[in-house]
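Trainee: sequence? don't have it. structure:
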């Protein structure tokens, strides 16, 4: 079950990909982490998908990560009395808290928190940014606007307020119910939507504790303003490019994507690039050349994972989309320029770093010098494997852990092949086990060299302090 690439694939399950046979085919095609989108589907749907994935894990013997993606607040306009309305550029349009169905002159918007944050001159984006309103006058329960970009507006279309931090929590009542279900079923990662500030991540952490790891979805410009703080509080980050592209000019999204990846690489936190990666494969068995280049760019930049959304959840060719993404990643990682770019983007160790940083820095150099077949990390918390992956070494990372939960979480991390093992008690036993597993998992043959790193004493999180070079 060894993958022949370092970057990982996250795929969303949905109506066209939730039966057991298709899930298995997706996994065999290359999916490392499965995303359950709680914006859609019933609790029973999600429970059934959890059960299928855990059964598949038992059958294959390879840890499978499950990412539960919470919906977050959905801000929408209300209804219209006579169907969609046409907003004309330059016309006046009022938004208010009145639930009465609207018309071409006004509409309800049942979100007092938006009105509380508005000021004259602020912009409102409707229907994924297709329509743009500029606030001329506003109060606690209304906003008089001028239509800057017109078009047809249907009821319950989304509302975005760029450049404004809304006084609203990232976790709605629905999210809290979904979170309880996800934790009960054993989700490995929780994706937090609508993150505006570090406090949103802290609020989620207080609820989740150490039962799952947190992926902060960066989809709001206000989150980019406090990027490093949010990265520091998160276990991983998702570049939600679709929503970012609504609230900021499209031409800024590529540079923001690179900035987020650099920040995560520096912090040693996994980063997922998501949204519209192979979107044409929803209806086509092949992607556009631009989409293939888009996926390749994320890999060249050093992203830990790339994600499929509708392509695998509701598209006609979910397995083909995964196979295509797998081929693109393998092609990029086989390019000599890829290693040059990864090495050039490496964050050099600085004086004052901790022991774990020193060990992993030495590991990276040792692997290159002895041409190690594999790096074997023994970890109880995942810390050692994360530190090793941060170095982006030339050899694959074989991660051994006695915790099945840690093994599943590490399925998201660049270069890490995660194996659930029994506990070990001393360095000699660890070394023997490292050689045995490296051989059985087909990472090394007899006579080849491996580099093993761990923390002493064993089972103590965050104590990476040991490197050993061994011959299989």
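Mentor: On my side now, so go ahead. Predicted model, so just to flag it, every value in this text is computed and none were measured.

Trainee: ok, now how distant is the nearest residue to residue 391 once chain neighbours are set aside from residue 284?
Mentor: Closest residue to residue 391 apart from its sequence neighbours, by Cβ to Cβ, 6 or more residues apart in numbering: residue 364 at 4.2 Å. Bear in mind the C-beta positions are built from the backbone N, C-alpha and C, glycine included. In this view, residue 364 and residue 284 are 41 Å apart by Cβ to Cβ, to the nearest Å.

Trainee: higher neighbour count, these two?
Mentor: Neighbours were counted for residue 364 and for residue 284 using other Cβ atoms under 10 Å; residue 364 has more, 22 against 15.

Trainee: did I read that right, that one in a helix?
Mentor: Yes: the assignment for residue 364 is a helix, going by DSSP: H, G, I helix; E, B strand; the rest coil.

Trainee: Just confirm it contacts residue 393, I think it does.
Mentor: Yes: judged on Cβ atoms under 8 Å, residue 364 makes contact with residue 393 at a distance of 5.0 Å.

Trainee: Could I get the full set of helices for the stretch 1-150 of the chain?
Mentor: Ranges of helices in the stretch 1-150 of the chain, per DSSP state H, counting those that start in this stretch, are 20-29, 43-60, 112-117.

Trainee: counting contacts, what elements does the last one pack onto?
Mentor: Using 3 or more Cβ pairs under 8 Å, 6 or more residues apart in numbering; DSSP states H and E as the contact test, no helix or strand touches helix 112-117.

Trainee: now do the second one
Mentor: On a contact count with 3+ Cβ pairs under 8 Å, 6+ apart, helix 43-60 meets helix 20-29, strand 33-37, strand 65-69, helix 173-185.

Trainee: for these, which one sits closest to residue 323?
Mentor: Among those, the nearest to residue 323 by Cβ to Cβ is helix 20-29 (4.9 Å).

Trainee: Taking strand 33-37 as reference, get the angle to that closest one.
Mentor: When axes from the mean of the first three to the mean of the last three Cα atoms, to 10 degrees is applied, the directions of helix 20-29 and strand 33-37 differ by 140 degrees.

Trainee: quick one: contacts of helix 20-29?
Mentor: Helix 20-29 is contacted by residues 11, 13, 16-17, 34, 49, 52-53, 55-56, 60, 64, 312, 318-319, 322-323, 326 when judged by Cβ atoms under 8 Å, 6 or more residues apart in numbering.

Trainee: distance between the ends of stretch 186-203?
Mentor: End-to-end distance of stretch 186-203 (Cα to Cα, to the nearest Å): 20 Å.

Trainee: Identify each buried residue in it, please.
Mentor: 186-198, 200-201 (16 or more other Cβ atoms under 10 Å).

Trainee: Next step: the residues you listed restricted to strands.
Mentor: Secondary structure from DSSP state E places 189-192 of the buried residues of stretch 186-203 in strands.

Trainee: Export those to TSV and append columns for distance to residue 24 and pLDDT.
Mentor: As requested, those are arranged in TSV below (distance: Cβ to Cβ, whole Å; pLDDT from 0 to 100):
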residue	distance to residue 24	pLDDT
189	21	98
190	25	98
191	24	98
192	29	97
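
Trainee: of these, closest to residue 135?
Mentor: Closest approach to residue 135 among these (Cβ to Cβ): residue 192, at 28.5 Å.

Trainee: any low-confidence regions in this structure?
Mentor: Where the chain drops to pLDDT under 70, the residues are 1, 348-352.

Trainee: Break it into its domains for me.
Mentor: Per automatic domain parsing, the structural domains of the chain span 8-73+170-334, 85-160, 355-471.

Trainee: Any idea how far apart the tips of the last one sit?
Mentor: Yep, that's domain 355-471 we're talking about. Using Cα to Cα, one end of domain 355-471 lies 25 Å from the other.

Trainee: likewise the shortest one?
Mentor: Distance across domain 85-160, first residue to last, is 19 Å (Cα to Cα).

Trainee: Likewise for stretch 274-282?
Mentor: Length of stretch 274-282, first residue to last, Cα to Cα: 15 Å.

Trainee: how distant is stretch 384-398 from the center of its chain?
Mentor: How far stretch 384-398 lies from its chain's middle: 19 Å, per Cα atoms, centre = their mean, to the nearest Å.

Trainee: My error: substitute stretch 305-318 in the last question.
Mentor: Averaging C-alpha positions (Cα atoms, centre = their mean) puts stretch 305-318 14 Å from its chain's average.

Trainee: picking up where we left off before, including distance to residue 334, could the ones in strands among the buried residues of stretch 186-203 go into JSON lines?
Mentor: Supplementary listing: these in JSON lines, determined by distance: Cβ to Cβ, whole Å:
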{"residue": "189", "distance to residue 334": "29"}
{"residue": "190", "distance to residue 334": "34"}
{"residue": "191", "distance to residue 334": "30"}
{"residue": "192", "distance to residue 334": "35"}
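
Trainee: Quick check: of those residues, which lies closest to residue 442?
Mentor: Of all those, residue 442 sits closest to residue 189, with 27.3 Å by Cβ to Cβ.

Trainee: if I look at the residue lying closest to that closest one once chain neighbours are set aside, how far off is residue 127?
Mentor: Computed as Cβ to Cβ, 6+ apart, the closest residue to residue 189 that is not its neighbour in sequence is residue 67, at 4.2 Å. Using Cβ to Cβ, residue 67 is found at 28 Å from residue 127.

Trainee: Which one's more surrounded, the two?
Mentor: In this view residue 67 and residue 127 are compared by other Cβ under 10 Å, and residue 67 has more residues nearby, 29 against 17.

Trainee: got a list of what that one touches?
Mentor: 10, 33-36, 187-191, 215, 412.

Trainee: before we move on, what about residue 98?
Mentor: So residue 98 contacts 106, 108 (Cβ under 8 Å, 6+ apart).

Trainee: ok, now residue 330?
Mentor: Per Cβ under 8 Å, 6+ apart, neighbours of residue 330: 4-5.

Trainee: which SS class is it?
Mentor: From three-state DSSP, the assignment for residue 330 is helix.

Trainee: From residue 273, how far out is it?
Mentor: Taking Cβ to Cβ, one finds residue 330 at 17 Å from residue 273.

Trainee: Show me the strands in the stretch 251-400 of the chain, by range?
Mentor: Assigned by DSSP state E, counting those that start in this stretch, the stretch 251-400 of the chain shows strands spanning 271-274, 305-308, 374-378, 397-401.

Trainee: Count the residues that sit near residue 84.
Mentor: Residue 84, neighbours per other Cβ under 10 Å, totals 13.

Trainee: isn't it right up against residue 154?
Mentor: Yes: Residue 84 lies in contact with residue 154 (Cβ under 8 Å); the separation is 4.4 Å.

Trainee: I'd like to know how many residues surround residue 28.
Mentor: Around residue 28 there are 14 other residues, counting by other Cβ under 10 Å.

Trainee: Quick one: end-to-end distance for stretch 199-217.
Mentor: Start-to-end span of stretch 199-217 (Cα to Cα) is 14 Å.
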